[in-house]
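Chemist: Provided below are the primary sequence and the corresponding predicted coordinates.
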Amino acid sequence: QKEVEQNSGPLSVPEGAIASLNCTYSDRGSQSFFWYRQYSGKSPELIMFIYSNGDKEDGRFTAQLNKASQYVSLLIRDSQPSDSATYLCAVNEGDYKLSFGAGTTVTVRA
Amino acid sequence: EAGVTQFPSHSVIEKGQTVTLRCDPISGHDNLYWYRRVMGKEIKFLLHFVKESKQDESGMPNNRFLAERTGGTYSTLKVQPAELEDSGVYFCASSLAGQETQYFGPGTRLLVL
């Protein structure tokens, strides 16, 4: 499987701040990218997907993709305690096979 | 609509025993995937079914693992005989035909002693 690297955590941010999560991938041919949120002991929950270079916004979440730099990020604006979770970056290698990063644990301090 | 369900949620077995994990995908999802997360590592792909056919089983670690999806509905993943290094969380996911977005189940936590 191809490599997906995420910035090491844990990441601690105060409530109301912006949490910034980064992910790089090794396969230049990758076309689709996903961010999952996983609460402890629960299933990974899809929160964003992005296919095109640039920004994609959904509520308080913004995904950014730069294929030339093989970089995808997730911004969480106005962070809330309920955003405390592990965030997983996943890259579609082709044929629907996802490669995951190790995850970044985010803690939002009230 | 019910999400992906997996059974059991936890399983503790001894080395050498057999364990069978079950996954029920979201109704109507032709694609079904198995993934695994071993301690301290990232989630890794095991295999992909399209309906009842194995589309890609390149991630299966060895022949102790057998996945089936008879009838193209639920799937089972059998580990026989289980080894210590098989311990981890086994996730199932599903997606609609032609769709890349995969929806994950809660996982089965397997501990081999």
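Modeler: Thanks, I have the structure now. Numbering: from 1, shown residues only, chains lettered A, B, ... in the order given.
Chemist: low pLDDT regions in the chain?
Modeler: All of this refers to chain A. Scanning chain A with the threshold set as pLDDT under 70 gives A:1-2.
Chemist: to clarify, I was referring to chain B.
Modeler: B:1.
Chemist: and it, which residues reach chain A?
Modeler: Proximity of chain B to chain A, by C-beta under 8 Å from any C-beta of the partner chain, involves residues B:3-4, B:31, B:33, B:35, B:41-45, B:48, B:55-56, B:58-59, B:91, B:95, B:100-107. C-betas here are computed from N, CA, C, even on glycine.
Chemist: strands of chain A, residue ranges please.
Modeler: Ranges of strands in chain A, per DSSP state E, are A:4-6, A:11-14, A:19-25, A:33-38, A:45-50, A:54-58, A:61-66, A:71-76, A:85-92, A:98-100, A:104-109.
Chemist: nearest to B:A82, of these?
Modeler: Taking C-beta to C-beta, strand A:98-100 is the member of these nearest to B:A82, at 23.6 Å.
Chemist: now check the closest one, is it near chain B?
Modeler: Yes - applying C-beta under 8 Å from any C-beta, one finds strand A:98-100 in contact with chain B at A:L98, A:S99, A:F100.
Chemist: the first one touches A:C89, doesn't it?
Modeler: Right, the one you point to is A:L98. No - between A:L98 and A:C89 no contact is recorded; they are 10.0 Å apart, counting by C-beta atoms under 8 Å.
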